[in-house]
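K.L.:
Have a look; sequence and predicted model below, questions after that.
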Amino acid sequence: MQKFKETILAPTLFVIALFLLWEIVCRVFSIAPTILPSPLDIWNALLKYWNPIVSNSWQTLFTTLAGFGLAIVFGLLLGVFIGWSKAIYGALYPVMIGFNAVPKVAVVPILILWFGIGTVPAILTAFLISFFPIVVNVATGIATTEPELRDVLRALGASKLDIMRKVGIPRSMPYFFGSLKVAITLAFVGSVVSETVGSNAGLGKLMLDAQAAFKVELVFASLVMLAVLGIVLYAMTAWVEKRMTGWAFRGENQGF
Amino acid sequence: MNLGDPLVELKHVSMVYGAGANAVKAVDDLTLTVHKGEFIAVVGPSGCGKSSMMKLISGLMPVASGTLTLEGNAISGPINKVGMAFQASNLLPWRTAVDNVLLPLEIVQPHRSQIGSKRDEYRQKARALLESVGLKGFTEKFPWQLSGGMQQRTSICRALIHEPEILMLDEPFGALDAFTREELWCMMRDLHAQKQITALLVTHDLREAVFLCDTVYVMSDRPGKIVKVQKVDLQRPRDIEVTYSPHFQELVQELRSFIGRH
């Protein structure tokens, strides 16, 4: 019961209160819907433009998940590679930092130049922006394997691959699944940014068009849809994390 | 006490960390013999190279000079004839106690290639070992469900499952409370008696060393040298009460007088 109050009731009430306050502010100060539409306006716009919003949401969801999928594959591979040895870790880490420091929005024009306007740049932007946390987390999980445990296994004649398979990779899994929560959010940001810069479909593109046509309520309706999608994606990865690495969430010595 | 054949022999061994100007000598002119079935302890101040010595014998670090042999053969790299346990139990949190104990068998030949087909048999063996150290009813628990003492018992079982020639213990009881520590001393004493294990214990605790061991070596500050060899002539099997006897106290005090003196 306590848990229900904390995890369901409290946030729901807070969201309702937030929208109520927004509605009240809009009415009391008579804010023009072209500046800040009220929640009711946005709701009406959502119903009115439901078809384009849904079809563009699917597009955004698809590019996000495609980029995220690529990020998982490459992130895991590169993370294991970097975590493999201190030398590789040392050599690649600065490059990775530099790469990550480049704002990805600056890369989108290049991607469009290479692949043309469309789905591919959005997928690639989502991938580029989201694979970094996965790499760093996997590499860190592997690199922080206890030296004593390494010694125990090495003294038994374990190869590097053995240590990786038996300890390094399983050990890095909580880090990996933890990073997915960050990565999915970033992938989402990446695909929307790319859609906004140059695309022919997706929520980013829909917002851009709505803004050009001065349909402010549609801009906000798309924004709400983005928020909902973002929350759903985050919740899904958080759920997967809990399911896959339950052991890492247990306290130590709780048995006694 | 009847000494078995020499198992591990160190003759004038030295070991160096790093190279060139940064090289640090960890141990110097180390000479000692571990006989089959003998329980020896190496005591000394922090950083005297006790743990380095363990790395030497397990083949994780090469000797800089001198000779180091196991059953007459020079140790030049990792040999799977050692089992190791440390102050931290280092159990894998995603495996149950019994699966943690099985880990070495997944690495060491010939078990490695047999474990797939004989999993149940190996599991039975691991379970029996855990039960012999008082973990009946806890073999299927995860590490976080075990107390610190139980985790350490599991860790020692993991070090023994592949029946190593020598068991190396690096302050295995250091993080435990005083009562649990004494319980584990008794467990170790019984294991040694039942299985005729050869063991090398690295510790700060002189009482622990005297209670468990046949021979205690005192090392000096870095670079570690042996400054005292003390045979422990207490009758086996030893009860924990022996630690209150005058002779036990004398032995401990004698050893104490050699620590940090050089």
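P.N.:
In hand now; what should we look at?
K.L.:
Return the residues of the stretch 101-250 of chain A in contact with chain B.
P.N.:
A:146, A:148-149, A:151-158, A:162, A:166-167, A:170-171, A:247-248, A:250 (Cβ under 8 Å from any Cβ of the partner chain). For glycine as for every other residue, the C-beta is placed from the backbone atoms N, C-alpha and C.
K.L.:
Only the buried subset of those, as a ChimeraX command please.
P.N.:
Per 16 or more other Cβ atoms under 10 Å in any protein chain shown, the buried members of these correspond to this ChimeraX selection:
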select /A:148,149,151,152,153,154,155,156,157,158,162,166,167,170,171,247,248
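K.L.:
ok, residue B:106 to residue A:163 distance?
P.N.:
Residue B:106 sits 11 Å away from residue A:163, going by Cβ to Cβ, to the nearest Å.
K.L.:
got any residues that touch both of those two?
P.N.:
Counting by Cβ atoms under 8 Å, 6 or more residues apart in numbering or on different chains, residue B:106 and residue A:163 have no shared contacts at all.
K.L.:
Am I right that residue A:214 sits in a helix?
P.N.:
No. Assigned with DSSP: H, G, I helix; E, B strand; the rest coil, residue A:214 falls outside any helix and is coil.
K.L.:
List the contacts of it.
P.N.:
Shown in contact with residue A:214 (Cβ under 8 Å, 6+ apart): residue A:34.
K.L.:
can you give me phi and psi for it?
P.N.:
Per-residue torsions, residue A:214: phi 60, psi 30 (degrees, to the nearest 10).
K.L.:
likewise residue A:51?
P.N.:
Dihedral pair for residue A:51: phi -60, psi -50, per degrees, to the nearest 10.
K.L.:
Residue A:174 versus that one, what's the distance?
P.N.:
42 Å.
K.L.:
neighbour count winner among the two?
P.N.:
Between residue A:51 and residue A:174, counting by other Cβ atoms under 10 Å in any protein chain shown, residue A:174 is the more crowded of the two (20 against 8).
K.L.:
I'd say the more buried one and residue A:138 touch.
P.N.:
No. Shown here, residue A:174 and residue A:138 do not form a contact pair, counting by Cβ atoms under 8 Å, at 10.6 Å.
K.L.:
in terms of contact, does residue B:202 touch residue B:41 like I think?
P.N.:
Yes. Here residue B:202 reaches residue B:41: they are 7.5 Å apart, a contact under Cβ under 8 Å.
K.L.:
Let me see the contact set for residue B:102.
P.N.:
Contacts of residue B:102 (Cβ under 8 Å, 6+ apart): B:115, B:122-123, B:126, B:161.
K.L.:
What pLDDT is listed against it?
P.N.:
In this model, residue B:102 is scored at 92, pLDDT.
K.L.:
how close does it sit to chain A?
P.N.:
For residue B:102, the distance to chain A (Cβ to the nearest Cβ, to the nearest Å) stands at 11 Å.
K.L.:
That residue falls within a helix, correct?
P.N.:
Yes. The assignment for residue B:102 is a helix, going by three-state DSSP.
K.L.:
Can you classify residue B:60 by secondary structure?
P.N.:
Under three-state DSSP, residue B:60 comes out as coil.
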